[in-house]
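> need coordinates for the below:
(chains A and B)
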Amino acid sequence: MRNQFTFSIVAPVALVACSCAAFAQTYGTKGYSPGAWKPDELAKGLSNPTPFDPHNLSGVWSMPTKPGYFERHSLNDKPIKIAPNVPPQMGSDAYPPPMTPWGKAKFDAAKVSYGPRAVAPGEGNDPVSTCEPMGYPRDLWEANLRPFEFVQTPDRVLQHMQYHDLWRTIWTDGRQLPKNPDPGWNGYSVGRWEGDTFVVESGGYDDRTWIDHFGNPHSDQMHLVERYKRVNAESLELDMTLTDPKTYTAPWVGDKITFVRAKVAIFEEICSPSEEGHFNDIIRDPAVGKSKP
Amino acid sequence: MRLRIATSLAMVVGLVMVGAPLLAHHGTGVAYVRDKEVTLKGTVTEWFWANPHCGLLFDVTDEKGEVIHWGAELGNPHSLSEAGFSRDAFKPGDKLTITGHPAKSGAPRLELLHLVLADGRVLPERSVKGNGVHLDDPSQ
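Got it, this is the predicted structure:
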C-alpha cells in the first residue's frame, strides 16, 4: 500500500502553511484574488487605439476585483467562509430580495456547487455542468475570468460573451420591447442613450436558466434594466436592477460593477455537451462515487 | 516514505504557488479535500483535452500488484495552454508523478495541483487567470 502506491498524504504543519501561503498569493490578499488582476496594474500597457468617446462601448471588457474582496458571481454577493482552504468565490453567496413561494420552491430545487448550499458537481443539477445554456445575466459574471466584447453597429449593440460563445443582441433602432415575446435563453433586449449612459431594457427570458451559480431563480417575467457608462478610456460602469414579481417580492438592485479594458482577445470557449459529458463520465461522477472509475 | 514526503514537500513549496489558482473551478472546493494532498506515481491511460474541463486518467499499481484507475480534474484548455500544457502534453504510457487534492468520497480521483513528467519537467509552469493573464508575472 505504501510502496509503488505512493499515497503520501501531506498533512504536516509546514506543508499546510505553504499551501496557505500559496492561496494567500491569490486568494485573500488585499486587492488580489482568484482570477483577478491587481488593481494597481490595471492601467499598465492597456491598449487604447481610439480617442475616448463616451458613446462608444466597443472593446473587450473584464471584471477586476475590489481590493480586499473576491470574485463576485451575481448582482451582488458576499463572502461566507464554509470550510478551511476553500477559495473565497466558492464560499460566497448572493443576497437577493425575499422570494415568493414560487421562487423559493425553484431555489430549493437547485443543487448548486457554490456557496453554503454547495454539493459536489457530480451530485448537483447546475445546468452548466451539462453545457446547457447559461443565459443572461449569468454569463456576465464569467467576466471575472472570461472577458466579453461590445460590438456597435448602426442599429444594434452586440454583446459577445467568451464563455459559451454567447451573442446577445441589443437593438438600438428605436424599437420597443415586445409585450409578450417567446422566451429566449438570452432574452430580448433594446437599448437607448440617456446622455452618456447606455440604458438596456430586456425581458422574455427562458426560466430554465439560473441567475447565478448559487441557484437564484427567475421566471419568464424577469425584466432587467442595465445602465452602462464609460467613465474614462479604461473603465465601464454598470448598474443593474432586476424585477421579477413572480419570483421576488421586491426589485433586486445590483452593486455597481466597474469593468476594465481587457488586454486579451476573445477566443472560442464553447461548452461542448459531448465533451463535458465525457468529462463527467471519467472524472466528476466517479469522484463522488456515482460510477466506478 | 520519508524520501517521498520530502519530495512532496519540495514540490509543494515550489509548485503549489503556481498550481492552485489555475485549477480552481466549478465545485472543486466541494468534491475534493482542499487541506489534504496525495502524491502518486502513475502511467497515463487517457489525456482528455476539451472545453471547459480537461481530465487525465492514469493507472497506479499498488504493492499487491493491483492496478488502481486514477483520474485528475483540470481546468479549461486556454488557461492550461498558458500554463504550459497542450493537447499533446501526454500520451498513454507516459510515466508521471501527480499531486493533488483527493476526492472527499475516497474514490481514486483528485484535483490536480501539479505533476512531474519523466524528464523532470513540471506542470503547470505558472499560474494563469482564465483569460490568459499570468498571475505571477508582475508586468501584467
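> for stretch A:192-204, buried residues please.
Neighbour counts over stretch A:192-204 (16 or more other Cβ atoms under 10 Å in any protein chain shown) mark A:197, A:198, A:199, A:200, A:201, A:202, A:203, A:204 as buried. Every residue, glycine included, has its C-beta placed from N, CA and C.
> if I look at the fourth one, how far off is residue A:240?
The reference is to residue A:200. To residue A:240, residue A:200 is 9 Å away according to Cβ to Cβ, to the nearest Å.
> anything in contact with each of the two?
Shared contacts of residue A:200 and residue A:240 (Cβ atoms under 8 Å, 6 or more residues apart in numbering or on different chains): A:224, A:225, A:226, A:227.
> let me have these in JSON lines, extended by neighbour count and secondary structure.
Supplementary listing: these in JSON lines, determined by neighbours: other Cβ atoms under 10 Å in any protein chain shown; DSSP: H, G, I helix; E, B strand; the rest coil:
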{"residue": "A:224", "neighbour count": "22", "secondary structure": "strand"}
{"residue": "A:225", "neighbour count": "15", "secondary structure": "strand"}
{"residue": "A:226", "neighbour count": "24", "secondary structure": "strand"}
{"residue": "A:227", "neighbour count": "15", "secondary structure": "strand"}
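> nearest to chain B among those?
For these, the residue nearest chain B by Cβ to the nearest Cβ is residue A:226; the value is 22.0 Å.
> got a list of what the closest one touches?
Listed by Cβ under 8 Å, 6+ apart, the contact set of residue A:226 reads A:199, A:200, A:201, A:202, A:238, A:239, A:240.
> now swap in residue A:112 and tell me
Residues counted as contacts of residue A:112 (Cβ under 8 Å, 6+ apart) are A:118, A:119, A:124, A:126, A:213, A:214, A:215.
> re earlier: out of the buried residues of stretch A:192-204, who's nearest residue A:244?
residue A:203 (9.8 Å; Cβ to Cβ).
> pull the number of nearby residues for the residue lying closest to residue A:133 once chain neighbours are set aside.
Leaving aside its sequence neighbours, residue A:133 sits nearest to residue A:185 (Cβ to Cβ, 6 or more residues apart in numbering or on different chains; 4.1 Å). Neighbourhood size, residue A:185 [other Cβ atoms under 10 Å in any protein chain shown]: 17.
> and residue A:185, how far from residue A:262?
24 Å.
> then residue A:181?
Taken as Cβ to Cβ, the spacing of residue A:181 relative to residue A:262 amounts to 32 Å.
> look at those two and report which has more neighbours.
More crowded of residue A:181 and residue A:262, by other Cβ under 10 Å: residue A:262, with 26 against 14.
> the residue nearest to residue A:133 and residue B:76, how far apart?
Applying Cβ to Cβ, the value for residue A:185 to residue B:76 is 21 Å.
> what do you get for residue B:83?
11 Å.
> which pLDDT value goes with residue A:1?
Confidence at residue A:1, expressed as pLDDT, is 42.
> one more: the one 10 residues further on?
Turning to residue A:11, the model gives it a pLDDT of 35.
> cool, residue A:124 as well?
pLDDT recorded at residue A:124 is 92.
> what do you get for the one 5 residues further on?
Model confidence at residue A:129, given as pLDDT, is 91.
> check contacts around it.
Contacts for residue A:129 (Cβ under 8 Å, 6+ apart) come out as A:113, A:121, A:276, A:280, A:284, B:26.
> make sure it is indeed in a helix.
Yes: counting by DSSP: H, G, I helix; E, B strand; the rest coil, residue A:129 falls inside a helix.
> enumerate the positions of the longest strand belonging to chain B that are buried.
In chain B, with assignment by DSSP state E, the single longest strand is strand B:38-48. Across strand B:38-48, burial judged by 16+ other Cβ under 10 Å covers B:38, B:39, B:40, B:41, B:42, B:43, B:44, B:45, B:47, B:48.
> ok, those residues vs residue A:96, which is closest?
For the buried residues of strand B:38-48, the nearest to residue A:96 is residue B:48 (36.5 Å; Cβ to Cβ).
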